[in-house]
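Chemist: Everything below, folded, please.
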Amino acid sequence: MKNTRNTLIGLYFNLSIVILSLFFLVRGLIHGNTVKWLLVVALIVSEIFNIIFAGINTVNSFILLKNSDYDSMRKNMKALKFGVIPYFVINFIIYVLLFLLFFAASRGFILFTPIPLLFLIPVFFAYLTVIFTSSYGIGFSLILYKEKRVKTGKLILHIILQLCFVLDVIDTVILLVKNKVVKINE
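Modeler: The predicted structure is shown next:
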């Protein structure tokens, strides 16, 4: 759970740096190059830490899968998937508002420029976040498969759902509701 907590802290720290940067830029509060560079460095460092935590969580999910640690996998999956919901909602709102601002300011001409491609970068990083937060959900599904609690078709469906925006959270709820108790094989 420590890895999950650190990951959530890292993601929200990164989001706060993005919001702070946008606020300063919109308000025109950044006059010196030092503050601009500090924000850029903070953003890059937070992204690097998020990548490191993504790797740590992925490795941890493999370890829990190898040990068939149902309870820890379930707790980490639940904490991470539900913990990132506000992150994704805020992230989505920020980038939609930015796109609408650029669209309105350019009277629609932005669509004919390369600027919309810049919006794909945050979408790419958001999707990477979905993938690494899905490591516990996929691992949980594989444990259920190993214990013969789900069949191959449902395993594949759970893996696909874990890799899609919004559907990953719905699938997590389904997995948690249907698999509350550990089935002890005697």
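Chemist: Low-confidence stretches in the chain?
Modeler: Under the criterion pLDDT under 70, the flagged ranges of the chain are 26-33, 115, 181-186.
Chemist: The residue nearest to the spatial centre of the chain and Ser68, how far apart?
Modeler: The centroid of the chain falls nearest to Thr129 when counting by Cα atoms, centre = their mean (3.0 Å). Going from Thr129 to Ser68 by Cβ to Cβ, to the nearest Å gives 27 Å. To be clear about C-beta, it is placed using only N, CA and C from the backbone, and glycine gets the same treatment.
Chemist: burial measure for Trp37, as a count.
Modeler: 10 (other Cβ atoms under 10 Å).
Chemist: Please spell out which residues along the host helix or strand of Ile9 are buried.
Modeler: Assigned by DSSP states H and E, Ile9 falls within helix 2-27. Buried positions in helix 2-27, judged by neighbour count with 16 or more other Cβ atoms under 10 Å: Asn3, Thr4, Thr7, Leu8, Gly10, Leu11, Tyr12, Asn14, Leu15, Ile17, Val18, Ser21.
Chemist: Next: stretch 144-162.
Modeler: Residues of stretch 144-162 classed as buried by neighbour count (16+ other Cβ under 10 Å): Leu144, Tyr145, Val150, Leu155, His158, Ile159, Leu161, Gln162.
Chemist: Closest one of the residues you listed to Pro122?
Modeler: Taking Cβ to Cβ as the measure, Gln162 is the one of these closest to Pro122, at 21.1 Å.
Chemist: surely that closest one meets Phe140?
Modeler: No - checked against Cβ atoms under 8 Å, the pair Gln162 and Phe140 is beyond contact range at 9.0 Å.
Chemist: Since that was my last question, I'll sign off now.
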